[in-house]
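Just need the structure, nothing else, for what follows:
(one chain, ligands or ions: 1)
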Amino acid sequence: MKTTAVAPSNIALIKYWGKKDEKLRLPANGSISVNLSNLTTTTTVEFRKDLKKDEVIINGKRDEKKAERVMKHLDRIRKKAKISDYARVVSQNNFPTAGGLASSASGFAALTVAATKAAGLNLSEKELSILARQGSGSACRSIPDGFVEWLDGETSETSHALSLYPPSYWDLAIVVVLAGGEEKSVLTTEGMKRLDTNPFYPIRLSRINEKIKKMKQYLSGKKFEEFGSLVESEALELHAMTLTSSPPIIYWRPKTIKVMKLVQKIRENNVPVYFTIDSGPHVCIICEEKHLKKLLQMLKRQRIKDFIVNKPTIGARLVDGHLF
Ligand code: DP6
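So this is what the prediction gives:
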C-alpha cells in the first residue's frame, strides 16, 4: 500500500538540548513546543517486493547521509510490523532546505506516520510519537496537535509527546526570519554530545522543571508578556549552552543578532513581540495575531523580506495526494 503523510515542523518554547539515553533518544528534560503551519514535510512511502534496497529521495535528491538515518527508521518500523520488504520513500519540504531550516522534526514525523500505515500498522498517537522520537527527538512533538509537551519519561514507553492545547487555543503568529544561506554547521545530535564538557549544564537542568511549570502556567493563563519573556530567555539559555560547550558552537550569524536587537526595539515601542532560536541562525518572532500587521510593517521598514509567517497548527496526518 502507498501512503502519504504531512507533518509540521515545531518550534520549542522550552528546549530539548541533551539526552539521557543516546540510543533511545530519551531527552535529559521535558520540553514544550508549538507546531508551525507553513513549515511542513510531505512524505510518501511504499513497501515493495521488487526492491533490492530502500530508495530514499529527499527534495528531489539522493543524499547518502540523510538516507542512512531514514533507513534505520524504516528498520524500526519493519521490525514492529514484522515485514521485510524494502521501501521507496519520497519526501518534500515546502520550504527551502538550502536556508538551513531544520527539517528533522517534520521529516521524521511525516515518515513515521506514512511508513507505519504503509507497513500495515495502526498505531495510536502515543505510539507514533514514541517511534518518531527515535528518528529525531523533536519529531515526537510534531505528532500531536497545536501546543505540545514532550514528557520527560525514564523509559521509551513514557517518553512521548501530547497535546496541551489545540491550535485554535491561542491566536499566535510565529514569523520565522531566515538569517543565512547554508546548511547549519553542527548537527543537533553532535552539538548535544558536547554538553558533557559544559560546567553550566547541570545548573540549567536543576532549574528546568520550574521553567516547564511556569511555561504551562503562562500558557494556561494566556499571559503573553510573561510567556514571551520566558520563551526568549530560554532561547538565550540554549545558546549559552552551545557557546560554553567545548568545542563551542556559534549558531548565530550577523543577521541573527540584527533581528534579535530589532525585536527588543520593537518591544520598546510597545508592540509585544519576543524571539526564540533553535540550533541554527534563524529567528522565530512570536506575537499575538493582533500585532502581526505592525510587526510585518516594522520588518519591511528594516528591509527584512526573507521570512515565513506561521500560526499554530495540527500535528502529522495522513493525506490523499501521493508524491509518486
Ligand atoms: C535546538 O530533535 O534535532 O531544536 O534528537 O539529535 O535528532 P536529535 O535532535 P533534534 O534537536 C532539536 C534541538 C532544538 C531544541 C528543540 O527542538 O527542543
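
my guess is Leu74 meets Thr116, correct?
No. Leu74 is not in contact with Thr116 according to C-beta atoms under 8 Å; the separation is 10.4 Å. In this view, the C-beta of every residue, glycine as well, is placed from N, C-alpha and C.

tell me the domain ranges of the chain?
According to automatic domain parsing, the chain comprises the domains 2-167, 169-310.

now the end-to-end length of the shortest one.
Chord length of domain 169-310, first to last residue, is 15 Å (C-alpha to C-alpha, to the nearest Å).

ok, Leu26 - contacts?
19-20, 153-156, 159 (C-beta atoms under 8 Å, 6 or more residues apart in numbering).

Quick one: which of those is the most crowded by neighbours?
Of all these, Ser159 has the most neighbours under the rule other C-beta atoms under 10 Å, reaching 24 neighbours.

Which residue comes closest to that residue once chain neighbours are left out?
Among residues not flanking Ser159 along the chain, Gly153 sits closest, at 3.6 Å (C-beta to C-beta, 6 or more residues apart in numbering).

And the one you found, which helix or strand is it part of?
Gly153 is part of no helix or strand, with elements assigned from DSSP states H and E.

Run through the residues that contact it.
Applying C-beta under 8 Å, 6+ apart, the residues near Gly153 are 26, 159-160.

how close does it sit to Pro166?
23 Å (C-beta to C-beta, to the nearest Å).

same thing with Leu262?
Taken as C-beta to C-beta, the span from Leu262 to Pro166 is 31 Å.

which one of those two has more residues nearby?
Leu262 (21 against 14).

Show the contacting residues for the more buried one.
Leu262 sits in contact with 298-299, 302, 304, where contact means C-beta under 8 Å, 6+ apart.

Next: Lys311.
37, 167, 171-174, 289.

From those, list just the buried residues.
37, 167, 172-174 (16 or more other C-beta atoms under 10 Å).

In JSON lines, list those along with pLDDT.
Below are the buried ones among the contacts of Lys311 laid out as JSON lines (pLDDT from 0 to 100):
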{"residue": "Ser37", "pLDDT": "98"}
{"residue": "Pro167", "pLDDT": "98"}
{"residue": "Leu172", "pLDDT": "98"}
{"residue": "Ala173", "pLDDT": "98"}
{"residue": "Ile174", "pLDDT": "98"}
